[in-house]
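[1] no sequence for this one, just the structure:
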């Protein structure tokens, strides 16, 4: 445990006393890991010297965290922010999936079948999962994505609605 973590021990002691002990101990260990990382990489020696830049650097260095793990670390960092009197929340982790979602939302596809496949993949759904959630046959969804014309338009609309695909019609002038 480095200097920053030692300076935070008073907060930790009071925090671990109440509530769910195991969860709070894990939360404190995440906070200590964050503080040790900041101190060793950014050379910060005061708790009040912590800022958004340090949190962003932590997220960049720990991109390998799953969404759930990153959220748990963010909760710990938010608790630390509360203890040291920061008036706003620390920056949240910027995950790859969020980036992919925003890129896809701005993408325009000229073919609906390509849009369906990309929307399904952006939500990390397999064809069987999409079939299960829409009530359609696996083969039907695979055929639609592969451009085979043997499908009912209502089935296509069900997939479009489920994946929240916007269709913009452009009239030629």
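    Thanks, I have the structure now. Computed from a prediction, not measured in an experiment: that's the story for all the values here.
[2] for this structure, which spans come out with low pLDDT?
    1-2, 4-5, 7, 10, 12-19, 94-110, 169-173 (pLDDT under 70).
[3] domain map for it?
    3-83, 96-163 (automatic domain parsing).
[4] ok, which of those comes nearest residue 90?
    In terms of Cβ to Cβ, the element of the domains of the chain nearest to residue 90 is domain 3-83, at 4.6 Å. For every residue, glycine as well, the C-beta is placed using N, CA and C.
[5] go through the domains of the chain and pick out the most buried.
    The highest average neighbour count among the domains of the chain, using mean count of other Cβ atoms under 10 Å, belongs to domain 3-83 at a mean of 16.
[6] next one: that one to chain centre, how far?
    19 Å (Cα atoms, centre = their mean, to the nearest Å).
[7] ends of it, what's the gap?
    17 Å (Cα to Cα, to the nearest Å).
[8] ok, back up a step: Throw the domains of the chain into JSON lines and include distance to residue 90, thanks.
    Listed next are those as JSON lines, based on distance: least, Cβ to Cβ, whole Å:
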{"stretch": "domain 3-83", "distance to residue 90": "5"}
{"stretch": "domain 96-163", "distance to residue 90": "17"}
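[9] thanks a lot, catch you later.
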